[in-house]
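Colleague: when you get a sec, could you give me coordinates for this:
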Amino acid sequence: MMRIPYFLLLLASPLLLTQCEQKRSTTTVTPAGDVTFARKTFESLARGDSGVVSKIDWPVFTTQGTNMGANYTALASEVEKQQFTIGFVTQFATAFRESGGNLESFINWRVMASDALKTEVAADSPNGVLTVTVSERDGVERVSSINVVK
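Modeller: Have a look, this model is predicted:
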């Protein structure tokens, strides 16, 4: 008799775990979590880590007044888009390094503004205030802009 409840629990376990995983993926990220996400994304970009490509919202991405998203969406093939994103990461890291960029000089990471659509994160640097906008689209958190305001 005792075996039947254990057997039913064993059969139901995958369903329970699926529901837990589904809940985790739809949980809204807090603005404080956005600060961590923005910081880690910027640091990965500055280091040239190709894994950062998935953390950027390429179709809408802007940086220093340049609409990179327009350039990205104009590309015809997925191969061209992949080359574009990897090239951007490489060039960003190279420019950061060649300009004497130092990740430790970015301090006081904080939320500047936040609403239901996006969170604007800022950090102080010797060259001005870095702003990183974190947006969520299709349930995925990504960086949609990076700027330095002097």
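Colleague: what stretches of the protein score poorly on pLDDT?
Modeller: 1-29 (pLDDT under 70).
Colleague: how about the helices in it?
Modeller: Applying DSSP state H to the chain gives helices spanning 3-26, 31-47, 68-74, 78-98.
Colleague: from E104, how far out is the closest residue to L117 other than its chain neighbours?
Modeller: In this structure, L117 finds its nearest non-sequential neighbour in S135, 6.4 Å apart by CB to CB, 6 or more residues apart in numbering. Just so you know, the C-beta spots here come from the backbone N, C-alpha and C atoms, and that holds for glycine as well. Distance, S135 to E104, by CB to CB, to the nearest Å: 27 Å.
Colleague: more neighbours, the two?
Modeller: Comparing S135 with E104 by other CB atoms under 10 Å, the one with more neighbours is S135, at 18 against 5.
Colleague: what's opposite the more buried one in the beta bridge?
Modeller: K118, R142 (DSSP bridges).
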